[in-house]
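In: Have a look; sequence and predicted model below, questions after that.
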Amino acid sequence: MNSHKWLIKNGQFAVSDPEWRIVKGYMLVENDKIVYIGEKLPEGEEETTVFDGKNLLFIPGLINTHGHAAMSLLRGYGDDLALQIWLQEKMWPMEEKFTADDVYWGASLSILEMIKGGTTAFLDMYDQMDQVAKVVEESGIRASLMRGVIGFGSDELRAAKLAEATSFAKEWNGQANGRITTMLSPHAPYTCGPEFIEKFVQAAHDLDLPLHTHMSETKAEVEQNVKDYGLRPVAHLEKLGFFSRPSLVAHAVHLTDEEIEILAKYNVAVAHNPGSNLKLASGVARVPDLLKAGVVVSLATDGPASNNNLDMFEEMRLAALIHKGVSGDPTAVPATEALRMGTEYGAKSIYVEDTGTLAAGKKADFIAIDLDQAHFLPYSDLISHVVYSASAKDVKHVWVDGKQLLKDGEALTLDEERIKREAESAFKGLKAR
Ligand SMILES: CSC[C@H]1O[C@@H](n2cnc3c(O)ncnc32)[C@H](O)[C@@H]1O
Ligand SMILES: [Zn+2]
């Protein structure tokens, strides 16, 4: 393969080594990697192709660590409901009717929205994952993918779903030039019995893969777990060996001090979904306490049907704001920490640690924010502006693996008009069936 080198000049770059600061000057990219960031033109690069970074702030691509992309087709279908009613009466009956094409177009719509909003990597848990993987391959985004499994039904059905999950994980791990990685994912302790979860743990050991699940999202679910198994979800999963694998849990809203200690002890990462937790009235996770205990807390939207968008700037802002409101402490989650949660901690959570920061040697997954807008002036503190003033609409350019996916707000790898048409028609089809 021919080597491709290009240089950004006149840019402002948000680096975090170890504190956030803005470097004004140059960034050199070679193939899929950042090779230099600094104030001076790197020696010998006078002739290198140049991209003008004037009026642009370059930050690491945002990393959305929990979601269900195909659920964009169900956006607005079942608002203002609590989790279990929303799942049982609205989502699951519709999801039963999803065809492979529905998953493909639903995932395409979400991936388009994510790229346009500055997300360069995401985690997805869903059925018919090969369709999502196809869109990841075509679009150029990075993703951690898993066939999510709900363990209702017969032993045969469960065995078939586990086999599907493991064969997907084996087949797709490392595909799309390494942009796809995989995990194994029982949906939740309330939809997967203990023996079934143990099978996932065994498979994760056999295949050397991380585990992911929904955990302690609602108070009712925690109480049900105690009734059914005599333990709260954290001790229950610990007993089943879940945390013996690298693991990421989504939500973790209802935790005791002891549970936070257990998560910290096993290095379990938490995907915090502030928007979805508020919308489904699930509660507010103890993020400041988790961070204090040394738990890696990243940010996620959850599916577009419980959010109802995939704007990671909104999640960073919510994370920075709600914990101040709940605790009465304005320093509970500072802007600097919210930005790490949306980038660096996201990379750790989905085990793609060669991304998530702007630094020489890291993957060239980064975005450019258009600073020439009223809501960013004065240019007093650009890190503050990213968290408190920016939104998905401010993203002008996006690169993943050094390849440009968004240019002047236009998707380069996806056909936006076709995706919008197909998604609308897929939703109509679902409703009619
Ligand atoms: C087995 S595929 C994933 C499964 O998860 C469902 N889901 C979407 N959002 C949530 C949530 O907040 N908590 C629990 N489960 C959720 C989705 O509808 C799929 O069935
Ligand atoms: Zn979810």
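Out: Nice, I can see it. Numbering: from 1, shown residues only. Ligands and ions are numbered 1, 2, ... in the order given.
In: Spell out which residues of the stretch 51-200 of the chain are next to ligand 1.
Out: Residues of the stretch 51-200 of the chain lying near ligand 1 by Cβ under 6 Å from any ligand atom: 68, 83, 87, 91-92, 95, 125-127, 148-150, 187-188. In this view, the C-beta of every residue, glycine as well, is placed from N, C-alpha and C.
In: Which among those count as buried?
Out: 68, 83, 87, 91, 95, 125-127, 148-150, 187-188 (16 or more other Cβ atoms under 10 Å).
In: buried sites along the helix or strand where A235 lies?
Out: Assignment of secondary structure by DSSP states H and E places A235 within helix 233-239. By 16+ other Cβ under 10 Å, the buried positions in helix 233-239 come out as P233, V234, A235, H236, L237, E238.
In: Can you find the helix or strand of this protein with the lowest average pLDDT?
Out: In the chain, no helix or strand scores lower on mean pLDDT, DSSP states H and E than strand 49-52, which sits at a mean of 95.
In: Can you pull out the residues in contact with the helix or strand that that strand is followed by?
Out: The helix or strand immediately downstream of strand 49-52 is strand 56-60, counting by DSSP H and E. Residues from elsewhere that reach strand 56-60 (Cβ atoms under 8 Å, 6 or more residues apart in numbering): 8, 11-14, 22, 27, 118, 120, 339, 343-344, 355-358, 365-371, 382, 386, 396-397.
In: What is the nearest of the residues of the stretch 51-200 of the chain next to ligand 1 to ligand 1?
Out: Using Cβ to the nearest ligand atom, G148 comes nearest to ligand 1 of these, at 3.1 Å.
In: Roughly how far does that closest one sit from A423?
Out: 21 Å (Cβ to Cβ, to the nearest Å).
In: Output the buried ones among the residues of the stretch 51-200 of the chain next to ligand 1 in TSV; the columns should cover secondary structure, pLDDT and distance to G174.
Out: Below are these laid out as TSV (DSSP: H, G, I helix; E, B strand; the rest coil; pLDDT from 0 to 100; distance: Cβ to Cβ, whole Å):
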residue	secondary structure	pLDDT	distance to G174
H68	coil	99	23
L83	helix	98	34
L87	helix	98	32
M91	helix	98	31
E95	helix	98	28
M125	strand	99	19
Y126	strand	98	20
D127	coil	98	22
G148	strand	98	20
V149	strand	98	22
I150	coil	98	27
H187	coil	98	25
A188	coil	98	28
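In: Tell me the secondary structure at V352.
Out: With DSSP: H, G, I helix; E, B strand; the rest coil as the basis, V352 sits in coil.
In: What residues does the stretch 201-350 of the chain have near ligand 1?
Out: H214, E217, S276, D302, G303, S306.
In: now do 5 Å
Out: By Cβ under 5 Å from any ligand atom, the residues of the stretch 201-350 of the chain that approach ligand 1 are H214, D302, G303.
In: Mind putting those into a markdown table with secondary structure?
Out: Shown next, in a markdown table, are those (three-state DSSP):
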| residue | secondary structure |
| --- | --- |
| H214 | strand |
| D302 | coil |
| G303 | coil |
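In: Can you flag which of the contacts of strand 56-60 belong to helices?
Out: Residues of these located in helices (DSSP state H): L339, E344, L382, V386.
In: so which of those comes closest to K40?
Out: L382 (20.8 Å; Cβ to Cβ).
In: The closest one is in contact with I22, isn't it?
Out: Yes. Contact status for L382 versus I22: in contact at 5.5 Å, counting by Cβ atoms under 8 Å.
In: Give me the more crowded residue out of those two.
Out: For L382 versus I22, neighbours defined as other Cβ atoms under 10 Å are more numerous around L382 (19 against 16).
In: Quick one: low-confidence residue ranges for the protein.
Out: The chain contains residues with pLDDT under 70 at 1.
In: what's the nearest residue to the residue nearest the centre of it if we skip its chain neighbours?
Out: Central residue of the chain (Cα atoms, centre = their mean): N64, 1.7 Å from the mean position. In this structure, N64 finds its nearest non-sequential neighbour in F122, 4.1 Å apart by Cβ to Cβ, 6 or more residues apart in numbering.
In: which residues make contact with the helix or strand hosting V222 from outside it?
Out: V222 belongs to helix 219-229 when elements are defined using DSSP H and E. With Cβ under 8 Å, 6+ apart as the test, helix 219-229 has contacts from 83-84, 188-190, 194, 216, 231-233, 236, 254, 283.
In: swap in stretch 367-374?
Out: Under the contact criterion Cβ under 8 Å, 6+ apart, stretch 367-374 has outside partners 11-12, 53, 55-62, 118, 120, 379, 382, 386, 390, 394-399, 406.
In: Count residues in the vicinity of G328, would you?
Out: Using other Cβ under 10 Å, G328 has 7 other residues around it.
In: what's the spacing between it and P288?
Out: 11 Å.
In: just to revisit the earlier point, and the helix holding V222, how far out from the chain middle?
Out: 27 Å (Cα atoms, centre = their mean, to the nearest Å).
In: Show me how the protein divides into domains.
Out: According to automatic domain parsing, the chain comprises the domains 5-60+355-411, 62-349.
In: one step back: among the contacts of stretch 367-374, which ones are buried?
Out: The neighbour count (16+ other Cβ under 10 Å) marks 11-12, 53, 55-62, 118, 120, 382, 386, 390, 394-399, 406 as buried among the contacts of stretch 367-374.
In: At which residues are the helices of the stretch 101-250 of the chain located?
Out: With DSSP state H, counting those that start in this stretch as the criterion, the stretch 101-250 of the chain has helices at 129-139, 155-172, 194-207, 219-229, 233-239.
In: Return the set of buried residues in the first one.
Out: Going back to what we said before, that points to helix 129-139. M129, D130, Q131, V132, A133, K134, V135, V136, E137, S139.
In: by contact count, what packs against that helix?
Out: helix 100-116, strand 142-149, helix 155-172, strand 180-182 (3 or more Cβ pairs under 8 Å, 6 or more residues apart in numbering; DSSP states H and E).
In: by contact count, what packs against the shortest one?
Out: In this case it means strand 180-182. Strand 180-182 sits against helix 129-139, strand 142-149, helix 155-172, with contacts defined as 3+ Cβ pairs under 8 Å, 6+ apart.
In: Kindly export the last one (C-alpha atoms) in CSV.
Out: The C-alpha coordinates for helix 155-172 follow below in CSV (Å, rounded to 0.1, in the frame of the first residue of the first chain):
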residue,chain,number,x,y,z
ASP,A,155,-33.1,-24.4,25.9
GLU,A,156,-32.7,-25.1,22.1
LEU,A,157,-33.5,-21.4,21.3
ARG,A,158,-31.0,-20.2,23.9
ALA,A,159,-28.3,-22.5,22.6
ALA,A,160,-28.9,-21.3,19.0
LYS,A,161,-28.7,-17.6,20.0
LEU,A,162,-25.5,-18.2,22.0
ALA,A,163,-24.0,-20.0,19.0
GLU,A,164,-25.0,-17.1,16.8
ALA,A,165,-23.4,-14.6,19.2
THR,A,166,-20.1,-16.6,19.3
SER,A,167,-19.9,-17.2,15.6
PHE,A,168,-20.6,-13.5,14.9
ALA,A,169,-17.9,-12.5,17.4
LYS,A,170,-15.4,-14.9,15.8
GLU,A,171,-16.1,-14.0,12.2
TRP,A,172,-16.1,-10.2,12.6
